[in-house]
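Chemist: Give me a 3D structure for the following:
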Amino acid sequence: MTQTFLTDAEVDELVAAYEAGATLRGLAKQFHIHRLTAAAHLARRGVPVRRAGLDSVQAKEAARLYQNGWTLVQLGRRFEVDAQTVRRTIARQGVAIRPGGRPRRRDKKCSSAA
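Modeler: Here you go, the predicted structure:
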């Protein structure tokens, strides 16, 4: 990843966006930086970083969508959290995690001819 340096004005904008509710992942994408870099900018400005995760409504929706075939990665993107955060959250609700995190599908093109 190419190193991107933010100006003081851009860091001010990053802080304001975060305080308005933006996520670290969203800020990283917006400013073309790593999310840990975004967190470091916030820390240097004395802004406490919110704990990432799903609230109870999001957790229930994630569990429902997962049981309907969504992958952990898709859910992570949907809720702007890491796939492992989704995995831990729905597992705590008693949802069985699929092997490999996704449903097994047979691809007609890959079937062997006997």
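
Chemist: Roughly how far does the residue nearest the centre of the chain sit from residue 89?
Modeler: With distances taken as CA atoms, centre = their mean, residue 81 lies nearest the centre of the chain, 2.1 Å away. Distance of residue 81 to residue 89, given as CB to CB, to the nearest Å: 8 Å. Every C-beta, even on glycine, is put in place using the N, C-alpha and C of the backbone.

Chemist: overlap in contacts of these two?
Modeler: Listed as contacting both residue 81 and residue 89 by CB atoms under 8 Å, 6 or more residues apart in numbering are 53, 54.

Chemist: that older thread, so the residue nearest to the centre of the chain makes contact with residue 51?
Modeler: No: counting by CB atoms under 8 Å, residue 81 does not reach residue 51; the two are 10.6 Å apart.

Chemist: Next, count neighbours for residue 50.
Modeler: When neighbours are defined as other CB atoms under 10 Å, residue 50 has 11 of them.

Chemist: Repeat that for residue 38.
Modeler: Residue 38: 27 neighbours (other CB under 10 Å).

Chemist: any idea which element it lies in?
Modeler: Residue 38 is part of helix 35-44, with elements assigned from DSSP states H and E.

Chemist: Contacts for that helix, please.
Modeler: Applying CB under 8 Å, 6+ apart, the set of residues contacting helix 35-44 is 4, 6, 11, 14-15, 18, 24-25, 27-28, 31, 48-49.
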